[in-house]
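Q: sequence first, then the predicted structure:
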Amino acid sequence: TQNDEILRFVEFWKQRTGRLPEELIFDSKLTTYKNLNVLNQQGIAFITLRRRSLKMLREVHQEPASAWRRIELHGVSRIHKTPRIIDRKVTLKDYEGPLRQMIITDLGHEEPIFLLTNQLTSSPVKLIDRYAQRMIIENNIQDGIDFFHMDALSSAVAMKVNLDLQLTLMASSLYRLLSLRIGNGYQKAKSRHIFRDFVDATATLQITPNEFIVRFQKRAHNPLLVASNFNNIDIPIPWLGGKKLRFVFG
């Protein structure tokens, strides 16, 4: 049933927001050409990958050098910024009207990438940069699963998938918020790196009638936490009788 998941997501989005999504970027395993046609009829812009067949790859390798043109990417941080593309309109079974197919090579993959979209006038650079953002999101999710290992084979605790995913995404999001607040290049750091520099620390806990005082030992990264105003946190905790939480560094 995974081929219809993209349509179920559209219905879910409409129920929650009252409108259809403006653009969807997704993996080719989640749909069919027939469902792409449904998205197009609903006025939803999409970008996806086309599944490569041996016949398609043979045809690409037979393309003359003059069929390719090189472009330069600007919106992504990567080594391969000057891929070659063949940008054409194609017709596919169960899809009404033309689809835009971009064949992309020299992008760090062994085989060419076949990108499909109903955005017929957008620039190739914009479309490739846009699709690359999907990979960044996937990498962040993979980082969360790898570090928090709730869904990994090595996890010692068996959990229901809904709770498992919720805890993983919550933890990953909290680390992202922490990295954004600290800044200084940590915005792009992986969760394991943030944990090592800031979370995996020794501290003493003092409990008074009115507050919890967490006193950290001197560490090289404490000045970054102080600069981020963590030493001035004074938060009452409702589920601990309203006692306040306070951090002291060094």
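A: Yep, that arrived.
Q: quick one, helices of this protein?
A: Here the chain has its helices, by DSSP state H, at 5-17, 33-41, 54-61, 124-148, 161-182, 191-194, 222-227.
Q: got those as TSV, with mean neighbour count, distance to Ile113 and mean pLDDT columns?
A: (C-beta placed from N, C-alpha, C; glycine too.) Supplementary listing: the helices of the chain in TSV, determined by neighbours: other CB atoms under 10 Å; distance: least, CB to CB, whole Å; pLDDT from 0 to 100:
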stretch	mean neighbour count	distance to Ile113	mean pLDDT
helix 5-17	13	19	92
helix 33-41	17	17	93
helix 54-61	11	10	91
helix 124-148	16	9	72
helix 161-182	15	27	80
helix 191-194	17	28	86
helix 222-227	16	39	89
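Q: distance to Gly108 added to the ones you listed, as a markdown table?
A: Conversion of the helices of the chain to a markdown table gives the following (distance: least, CB to CB, whole Å):
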| stretch | distance to Gly108 |
| --- | --- |
| helix 5-17 | 26 |
| helix 33-41 | 26 |
| helix 54-61 | 17 |
| helix 124-148 | 11 |
| helix 161-182 | 25 |
| helix 191-194 | 23 |
| helix 222-227 | 33 |
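Q: to Thr204, which of those helices lies closest?
A: If you check each of the helices of the chain against Thr204 by CB to CB, helix 222-227 wins as the nearest, at 14.5 Å.
Q: pull the residues that contact the closest one.
A: Contacting residues not belonging to helix 222-227 are listed as Ile182, Asn184, Phe198, Phe216, Asn231, Phe247, Phe249, Gly250 [CB atoms under 8 Å, 6 or more residues apart in numbering].
Q: among these, who's most crowded?
A: By neighbour count, taken as other CB atoms under 10 Å, the most surrounded of those turns out to be Phe198 (22 neighbours).
Q: just checking, that one touches His221?
A: Yes. Under the criterion of CB atoms under 8 Å, Phe198 makes contact with His221 at 5.9 Å.
Q: count of neighbours near Leu116?
A: 20.
Q: now do Val90
A: Burial measure for Val90: 12 neighbouring residues, criterion other CB under 10 Å.
Q: partners of it in the sheet?
A: Partner residues in beta bridges with Val90, using DSSP bridges, are Leu99.
Q: renumber starting at 532 from here on
A: In the new count, where the first residue is 532, that last one comes out as Val621.
Q: now do the same contact list for it.
A: The neighbourhood of Val621, defined by CB under 8 Å, 6+ apart, consists of Pro629, Leu630, Arg631, Gln632.
Q: which of the residues you listed are buried?
A: Leu630, Arg631, Gln632 (16 or more other CB atoms under 10 Å).
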